[in-house]
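**Student:** Starting from these lines, generate the structure:
(chains A and B)
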Amino acid sequence: MIKEKYIHQKELIFKNINLNQIIMVKKIALMVVFVFVLQSCNTVKQYEKAKVNSTEMKLSAKSTERYETAFQVYREAAAGANGGKSGGGCGCN
Amino acid sequence: MQNKLVIVFFLFSALVFSQETEVVKDTTVTFKKRVLESTEVDFMLSYYNQDGVHSSVSGGIGSEKLTDIASNIVVAIPMNDDDILTIDAGISAYTSASSSNINPYDSKNPTPWQSSSGASEQDALVSLVANYSHSSDDRNFIWNADVSFSNEYDYTSIGFGGGISKLFNDKNSEVSVKVNAYLDQWRPIYPGELRNGNFSSYNPLFSPNFVAWDSTARNSYSASISFSQVLTKKTQFSIFFDLVQQDGKLSTPYHRIYFADKPDYYVGNLSFVPNYENSSNAGVYRLADAIEKLPSSRFKLPIGLRWNYYINETFVVRTYYRYYTDNWDITAHTASIEVPIKLTDKFTVSPMYRYYTQTQSKYFAPFEKHLSTEEFYTSDYDLSSFNANQYGLGVSYTDIFTSSKIWKFGLKNIDFRFNHYDRSDGLSSNIASLGFKFVMQ
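**Tutor:** Next up, the predicted model:
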């Protein structure tokens, strides 16, 4: 009985909401969860950051990686979102 | 789409302000450490070579052989306790078989498959970037401004921008916003057969769809938002979100187009015409029907995520993922992983792998597949559908005590990387880069 009621409610919801909206809602729900997860992170004190502050843990590309990024920008259509330059120069050779 | 963006910004803001309460607690600054203790100098070099079979100069076929040598010197100077001036000067010189064929007709045996002796075979790019940054007394707020300039034979770029960063939550969270504008200018070089307008000198019937550009500007505007978070003592991540708008001449003036519905005209030894599309063509070149034509506007939306994990004193995992989409119908995914392995206190080796895949632009078609009735057309395989694998190794030497010295500078770090890149359309390349970091004593 409860299961039938659940299926009926689900059908009603699907009649009124199209697939794109459902996907959108799922995305938003995921982001809300994400935000709450971030907020629930324990604060790491400065004296506890020896590991995350090590050179290899940096959240940026290494300085010599710039040349790889440059040729990738030339040879691929996608660019940006890597903390580097996202415009300028023709990149046409 | 706009709704999605609004929601993203709303949630982002909610996160930032939720962390704001933590800022009040973060007032235990006991002394002010200099942002940069002394002048640092980075000297970097790279060598790049590639080869492929889809030259866009020859309309989507032909040699893509190219060699490039680049070097940069980056000097970071502490102006006072809070401010840093960084100057980045670079020069890059290349030789390219593809570019040499912008005008292949000075050769006795012109062919898309070999380099000609055209003046455009080689060029140099010079660049200069100046960046000034200021950190607040508690080091929780940073602003920076930059100007840039780059120039090569047929292209000049002037850029300027600025950004702010705010650290929260005992410096465990950081939000950055950056904006940049690049005002670029072409000095267009057209394929040799289209330059002087005297088309009949090649063939009395030759009549390409060609009109010289009436404008030569290309402008790029970008806004970047990033958020980084220390999750645990061993984990941190960052999210990058860019909005890029480009306007103006987004085509390249020397990329040839060959239409399927236009007659073919050749220069050279006509016995090679049956083999025109393969490398056994040793002496004939086909006159262009047109040059590449692309819309004057492009909107790009890349979203990237970095996640780094410190496994133990020996191993670290560095990962990166990017989703990219634009209004030319290109969607791309990039994923990379690097695992630095600390062999000794001074030496680290880093195997790395990167995978990339993209869908083709709606304006792309291969050699001789476009129709002259189309509004836009390109045969540039950088805009085609492909996937690519890149794998390599990095070796890093670090001496925190800078015991090796050159004049007043101590050597802090040497970084070497080598990568091989294979694209599914046949292009392959190698890149080696070497960097030295010196610290003024």
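**Student:** Please identify the buried residues of the helix or strand encompassing A:Y67?
**Tutor:** Element membership of A:Y67, judged by DSSP states H and E, is helix A:66-75. Residues A:R66, A:Y67, A:E68, A:A70, A:F71, A:Q72, A:V73, A:Y74, A:R75 are the ones in helix A:66-75 that count as buried (16 or more other Cβ atoms under 10 Å in any protein chain shown). No exception for glycine: its C-beta is placed from N, CA and C like everyone else's.
**Student:** Let me know the distance separating the third one from chain B.
**Tutor:** Between A:E68 and chain B the computed distance is 6 Å (Cβ to the nearest Cβ, to the nearest Å).
**Student:** picking up where we left off before, for the helix holding A:Y67, the averaged confidence score.
**Tutor:** For helix A:66-75, mean pLDDT rounds to 92.
**Student:** residues making contact with it?
**Tutor:** Under the criterion Cβ atoms under 8 Å, 6 or more residues apart in numbering or on different chains, residues A:61, A:79, A:82, A:84, A:91-93, B:44, B:46, B:48, B:50, B:68, B:70, B:72, B:356, B:382, B:388, B:390, B:417, B:419, B:421, B:423, B:427, B:429, B:431, B:433 lie in contact with helix A:66-75.
**Student:** repeat for stretch B:130-138
**Tutor:** The contact list for stretch B:130-138 (Cβ under 8 Å, 6+ apart) reads B:26-27, B:29, B:32, B:35, B:79, B:82-88, B:141-148.
**Student:** May I see the buried residues of that stretch?
**Tutor:** B:N131, B:S133, B:S135.
**Student:** Figure out how far that stretch is from the centre of its chain.
**Tutor:** 26 Å (Cα atoms, centre = their mean, to the nearest Å).
**Student:** Then stretch B:217-232?
**Tutor:** The answer for stretch B:217-232 is 15 Å, by Cα atoms, centre = their mean.
**Student:** before we move on, what about stretch B:392-410?
**Tutor:** The chain centroid and the centroid of stretch B:392-410 are separated by 27 Å, computed with Cα atoms, centre = their mean.
**Student:** first vs last residue of it, how far apart are they?
**Tutor:** Stretch B:392-410 has an end-to-end distance of 29 Å (Cα to Cα, to the nearest Å).
**Student:** now do stretch B:322-337
**Tutor:** First-to-last residue span, stretch B:322-337, Cα to Cα: 12 Å.
**Student:** For B:I341, which non-adjacent residue is spatially closest?
**Tutor:** B:V349 (5.3 Å; Cβ to Cβ, 6 or more residues apart in numbering or on different chains).
**Student:** element containing that neighbour, please.
**Tutor:** Going by DSSP H and E, B:V349 is part of strand B:347-358.
**Student:** before we move on, the earlier item: filter the buried residues of stretch B:130-138 down to the ones in strands?
**Tutor:** Judged by DSSP state E, strands contain the following of the buried residues of stretch B:130-138: B:N131, B:S133, B:S135.
**Student:** Relative to B:A145, how far out is the second one?
**Tutor:** Okay, so that is B:S133. 8 Å (Cβ to Cβ, to the nearest Å).
**Student:** The last one too?
**Tutor:** With distances taken as Cβ to Cβ, B:S135 is found 14 Å from B:A145.
**Student:** now do the first one
**Tutor:** Remark: distance between B:N131 and B:A145 (Cβ to Cβ) = 7 Å.
**Student:** go on, B:V41?
**Tutor:** In terms of Cβ to Cβ, B:V41 sits 22 Å off from B:A145.
**Student:** Those two - which one has more neighbours?
**Tutor:** Higher neighbour count among B:V41 and B:A145: B:V41, with 17 against 13, using other Cβ atoms under 10 Å in any protein chain shown.
**Student:** Not counting sequence-adjacent ones, nearest residue to B:S228?
**Tutor:** B:S238 (3.6 Å).
**Student:** Poorly predicted segments of the stretch 101-250 of chain B, please.
**Tutor:** Residues of the stretch 101-250 of chain B that meet the criterion pLDDT under 70 lie in B:116-120.
**Student:** in it, which spans are strands?
**Tutor:** Taking DSSP state E, counting those that start in this stretch, the strands of the stretch 101-250 of chain B run over residues B:122-135, B:141-152, B:155-168, B:173-186, B:217-230, B:235-248.
**Student:** Make TSV out of those strands and add distance to A:Q46.
**Tutor:** Shown next, in TSV, are these (distance: least, Cβ to Cβ, whole Å):
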stretch	distance to A:Q46
strand B:122-135	16
strand B:141-152	17
strand B:155-168	12
strand B:173-186	14
strand B:217-230	10
strand B:235-248	14
